[in-house]
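Asker: structure for the following, please:
(chains A and B)
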Amino acid sequence: MVDRVIAALKQLRALDAAPLSQGLHPRNARLCLDAALDAITASALRAELSTKGSRPDSVTVVAAAGVFTSPIEWVAILAAAGCRVHIKAPTEAPTLCLALAKAMQAQGLAVTADTKRALGTPDAVVGFGSDASMATIRDATPGSRHSLYGHRFSIAVVTCDPKAAAQALARDAAMYDTRGCMAPTAVLTTGDPKVLAAHLAQAMADAQQAIPRGQVDPALGPEWRRRVGLARIRGMCLEGEGWAVPVLDASDFQPVALPRMLPVHGIQSAPEIDALLAPWHQQLSTCGTDDAQLTPRGTLRRVALGQMQAPALPRDHDGRPMLGSILG
Amino acid sequence: MRDEIQAFFEQGGDFGSMALRLHAWQRAHNPQYDRFCGDARPERWQDIPAVPVSLFRDVSLTSFELSQAQAVFHTSGTTSGRPGRIHLLETGLYERGARLHAERCLGPLPTVGVSLVSEAPTSSLGHMCRSFVPGMPSFFSLAHGVDAPGAWQALATLAAQGAPLFVPCTAFALADLLDHTGPIVPLPAGSIVMVTGGFKGRRSAVDEHSLLHTLAERMPGARLVGEYGMSELCSQLWATPAGSAFAPPPWMRIMAVDPWTGQPAATGLLRFFDLANVDTVLAIETSDVGTVHPDGRVSLNGRLAGARPRGCSLTVEEAHGR
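Answerer: All right, here's what the predicted structure looks like:
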């Protein structure tokens, strides 16, 4: 099974990534697809499959719009585990899911995909989306095992070498155009925020040059202008074509990412970080940092800067083992 | 500057040059707005940097010392976010402009009425309605919603006296009023039922056409007009009859823009340029989408997709949610 999954992923990699990517620039789409597929190796799959437990026969994966590659690793693991997999594709962006199913089918794997809302009666459901959507899925599939993942956010914490940190963070912000729960919503720094912001501005401009920002949700425009305006009023804002780096007091932190906007907030200590994030510590996904001592309470995944948007496999997803979360 | 705007209200003038003068004055007297504008040096009113309404949740953006504010209006906000605050140095200009344009659109305003809008001193809508008809009884509260029996009783009593009535209400308050089984109350000639806040909301959608039909049955003689306003704007727009395009006053211009780029668009996010906003910022970017017609009137197409529900009608909705 593992070899057939790897062959299917090779077929997926050969496709033009841009149409699959939900509006990313073609170079960003390629970068993200390659990064996602690079992580799914035969040895990684075998390591994941070593998890003991009773495997479900049928699994429905409810994919969410946003990070177009997110269903790939789950479907790969489940197909390699011998499960019959159905992907409920996001209605507004089904292309990747349909292509993934087609590639798997070409290798004789039992993977299907459509956008129909009916979930049927699978043995297990893996779902991504809003908390309300997850509750709806749970209610609609009372007899299934569930591995459901609501909305979360991520942050970066920088303590030293602002230039190196900026280059790594610009990559984290550029990948997927800052979409998804692993994208940095903001950077907290114990150093001089303005110095880090200056390095970030250069790195963000370079990233824009190398992998330009793609389509953005027009509805984010007013919020973009609000944050830029607030930073101009209360702090400072470095801006360029396709990116912005607002520098604001930590009290203006918001756990919501905007496409290629990376706010910088000065912070002094771990307790201060915990206090700042306390209202949202249950929603914290990833912390990218150069100092593990400053990892906020509630962090489910700590990685080096530059690795926030490139999750390794195998791993715990939001604190839970991936295949293990649906084993009996 | 206030006197110049007052004169513009009374005598008119060149909007573009007045807007640029007010913009320069606001940058000189409103340091927060000056920083917001950055390097912008507009040469046309269309290029004056517009403040997103949500920014008023974070900063006051006034051109005077806050301690001198005579009135503070709260934005209608959202159920999940904190409301913004709009500070006014004094309300005379606001009231003068509101009455001038209302009378231009509606004719003479009635001197008695029944209110179904908030009486809270922080409600700009309530303030406007009280300035139109001082002492008007209100049958709405945030805590209890619409007191429909009381409102119908008051309508019947006042209508029997023969003077035209002013009945301001949000769309949801009107729906609540008409939901209540009660008498048919013919309104005296010249009566005005003002509906504001749109027919949008979270609890339920109000069917505008059935509402108007029911209104005609239950309050024959009522003239239904639409009002569009918000705390962030000191001027209002009127739709006569309700459902038609909204007419701005001569001291206001509207521009539709692409929500992301801010570039002009046939239909798009609405930016208002309101000379009556002397105390805050004349250029305001709303979360409403619409089309600006060649004559300057605007048709509303609802909220920007993805933006949070917001509007006067939600005050009643929030009451229902408690």
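
Asker: show the contacting residues for residue A:293.
Answerer: Residue A:293 makes contacts with residue A:270, as judged by Cβ atoms under 8 Å, 6 or more residues apart in numbering or on different chains. Glycine gets a C-beta too; all of them are placed from N, C-alpha and C.

Asker: would you mark the buried spots in stretch A:40-47?
Answerer: A:40, A:44, A:45 (16 or more other Cβ atoms under 10 Å in any protein chain shown).

Asker: stretch A:180-196 now?
Answerer: A:180-191, A:193, A:196.

Asker: report the distance from it to the chain centre.
Answerer: 17 Å (Cα atoms, centre = their mean, to the nearest Å).

Asker: any idea how far the residue in the stretch 151-300 of chain A positioned nearest to chain B lies from residue B:289?
Answerer: Of all residues in the stretch 151-300 of chain A, residue A:219 sits closest to chain B, at 3.2 Å by Cβ to the nearest Cβ. For residue A:219, the distance to residue B:289 equals 10 Å [Cβ to Cβ, to the nearest Å].

Asker: quick one: common contacting residues for these two?
Answerer: B:259, B:304.

Asker: more crowded one of these two?
Answerer: When neighbours are counted by other Cβ atoms under 10 Å in any protein chain shown, residue A:219 and residue B:289 differ, and residue B:289 comes out ahead with 20 against 17.

Asker: isn't the more buried one right up against residue B:266?
Answerer: No. Counting by Cβ atoms under 8 Å, residue B:289 stays clear of residue B:266, with 11.4 Å between them.

Asker: any residues in contact with both of the two?
Answerer: residue B:256.

Asker: and chain B, what are its domains?
Answerer: The record, using automatic domain parsing to delimit domains, assigns chain B the ranges B:2-56+B:245-303, B:93-244+B:310-316.

Asker: export the ones you listed as CSV, with columns for distance to chain A and mean pLDDT.
Answerer: Below are those laid out as CSV (distance: least, Cβ to the nearest Cβ, whole Å; pLDDT from 0 to 100):
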stretch, distance to chain A, mean pLDDT
domain B:2-56+B:245-303, 4, 95
domain B:93-244+B:310-316, 11, 85
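
Asker: in CSV: those, plus distance to residue A:1.
Answerer: Converted to CSV, the domains of chain B look like this (distance: least, Cβ to Cβ, whole Å):
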stretch, distance to residue A:1
domain B:2-56+B:245-303, 44
domain B:93-244+B:310-316, 47
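
Asker: what about the helices in the chain?
Answerer: Because you didn't say which chain, this covers chain A. A:2-13, A:26-38, A:42-49, A:70-80, A:95-106, A:131-140, A:162-174, A:193-210, A:221-234, A:270-277 (DSSP state H).

Asker: sorry, I should have been clearer: chain B.
Answerer: Under DSSP H, chain B gives helices at B:2-11, B:15-29, B:31-37, B:92-106, B:124-132, B:148-160, B:171-179, B:208-218, B:313-321.

Asker: buried ones in the fifth one?
Answerer: By that I understand helix B:124-132. B:124, B:125, B:126, B:127, B:128, B:129, B:130, B:131, B:132.

Asker: may I have that helix exported as CSV, CA atoms only?
Answerer: Provided in CSV are the C-alpha atoms of helix B:124-132 (Å, rounded to 0.1, in the frame of the first residue of the first chain):
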residue,chain,number,x,y,z
SER,B,124,-26.8,58.6,17.2
LEU,B,125,-30.0,57.3,15.6
GLY,B,126,-31.9,58.0,18.8
HIS,B,127,-30.3,61.5,19.0
MET,B,128,-31.4,62.3,15.5
CYS,B,129,-35.0,61.2,16.1
ARG,B,130,-35.2,63.1,19.3
SER,B,131,-33.9,66.2,17.6
PHE,B,132,-36.6,65.9,14.9
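
Asker: what sits against residue 236?
Answerer: You didn't pick a chain, so chain A it is. Counted by Cβ under 8 Å, 6+ apart, residue A:236 has contacts A:194, A:197, A:246, A:247.

Asker: ah, no, chain B please
Answerer: Taking Cβ under 8 Å, 6+ apart, one finds B:98, B:101, B:102, B:128, B:227, B:228, B:229, B:249 in contact with residue B:236.

Asker: for those residues, pick the one with the most neighbours.
Answerer: residue B:228 (25 neighbours).

Asker: roughly how far apart are that one and residue B:299?
Answerer: 10 Å.

Asker: ok, residue B:15 next?
Answerer: 21 Å.

Asker: more crowded one of these two?
Answerer: Using other Cβ under 10 Å, the more surrounded residue of residue B:15 and residue B:299 is residue B:15, with 17 against 14.

Asker: isn't the more buried one up against residue B:45?
Answerer: Yes. Counting by Cβ under 8 Å, residue B:15 touches residue B:45, with 6.6 Å between them.

Asker: just the closest of the contacts of residue A:236 to residue A:128, please.
Answerer: residue A:246 (28.7 Å; Cβ to Cβ).

Asker: what bridges to that closest one?
Answerer: residue A:237 (DSSP bridges).

Asker: for stretch A:55-65, measure first residue to last.
Answerer: End-to-end distance for stretch A:55-65, by Cα to Cα, to the nearest Å: 27 Å.

Asker: what does it contact?
Answerer: Contacts for stretch A:55-65 (Cβ under 8 Å, 6+ apart): A:22, A:70-71, A:74-75, A:78, A:81-90, A:92-93, A:97, A:119-120, A:122-129, A:133, A:137, A:141, A:144-145, A:323, A:326-328.

Asker: same thing with stretch A:269-288?
Answerer: A:150-157, A:168-169, A:172, A:181-182, A:184, A:188, A:190, A:250-251, A:253, A:255, A:265, A:267, A:293-308, A:318.

Asker: buried among those? Need that as a selection in ChimeraX.
Answerer: Burial among those is assessed by 16+ other Cβ under 10 Å; the matching ChimeraX selection reads:
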select /A:150,151,152,153,154,155,156,157,168,169,172,181,182,184,188,190,250,253,255,265,267,294,295,296,298,299,300,301,303,305,306,307,308,318
